[in-house]
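Undergrad: need coordinates for the following:
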Amino acid sequence: MAEEAKWYVVHTYSGYENMVKENIEKVVENRKLQDLICDVKIPTELCVEEKDDKKKEVERKLFPSYVLVKMIVTNDSWYIVRNTRGVTGFVGPASKPVPLSEKEVAALGIETGEIKTAEVKINVAVGDMVNVVSGMFEGYSGEVSSIDEENAQVEIIVSMLGRPTPLKIPASDVKAAE
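TA: All right, here's what the predicted structure looks like:
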């Protein structure tokens with residue numbers, strides 16, 4: 001086929017993303033339609049969630065209720081995707097599929113398979129007094145001497161053994177002193 005497969009966005013019922021992905025993949029495998037429907041993805045990101053003072057990395061959907069499908073649009077491929085249980089339609093005018101641009105595909109990291117990581121917000125500035133609220137230095141207080149935004153770390157100066165000591169700590173482990 002001369003036409004190249006492009007990425008399309010499919011809207012689903014809330015919570016049906018995984019089921020829609022699995023069902024489309026099953027139909028493609030059973031009917032041997034890999035040349036029409038090449039890939040199905042649910043973009044996710046890794047986030048750090050804090051619950052009961054415990055931190056845990058979780059994978060969260062970037063776009064809840066949406067699934068990305070790489071396909072060549074024909075009557076057959078459109079019909080299969082559109083009539084998959086849980087699908088409400090394609091994203092586009094009058095549910096007519098509109099492909100994502102190459103720029104959008106690159107920005108989402110779809111082709112590379114890269115999982116996007118949520119950025120940690122650093123809510124302190126150099127010179128601020130902070131309390132360490134978790135980790136091995138929990139209970140210490142100090143002044144922020146530098147911030148490493150790329151690695152989401154702060155360096156604080158604490159008094160240890162009667163002398164100022166610099167500590168590099170994850171930004172998520174400190175809170176501004178009140």
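Undergrad: list the contacts of the closest residue to Arg31 other than its chain neighbours.
TA: Leaving aside its chain neighbours, Arg31 sits nearest to Ile80 (7.8 Å; criterion: C-beta to C-beta, 6 or more residues apart in numbering). In short, each C-beta sits where N, CA and C put it, glycine included. By C-beta atoms under 8 Å, 6 or more residues apart in numbering, Ile80 lies in contact with 24, 27-28, 31, 33, 37.
Undergrad: now, those that are in helices?
TA: 24, 27-28, 31 (DSSP state H).
Undergrad: quick one: which of the residues you listed has the most company?
TA: Highest neighbour count within the ones in helices among the contacts of Ile80: Ile24, with 24 neighbours (other C-beta atoms under 10 Å).
Undergrad: which one of the ones in helices among the contacts of Ile80 is nearest to Glu178?
TA: Nearest to Glu178 among these, counting by C-beta to C-beta, is Ile24 at 51.7 Å.
Undergrad: these two touch, right, the closest one and Ile42?
TA: No: counting by C-beta atoms under 8 Å, Ile24 sits too far from Ile42 to count as a contact (11.2 Å).
Undergrad: any common contacting residues for those two?
TA: By C-beta under 8 Å, 6+ apart, the residues touching both Ile24 and Ile42 are Val67.
Undergrad: surely Ser95 meets Gly89?
TA: Yes: the pair formed by Ser95 and Gly89 meets the contact definition of C-beta under 8 Å, at 3.9 Å.
Undergrad: which neighbours do these two share?
TA: Contacts common to Ser95 and Gly89, judged by C-beta under 8 Å, 6+ apart, are Arg82.
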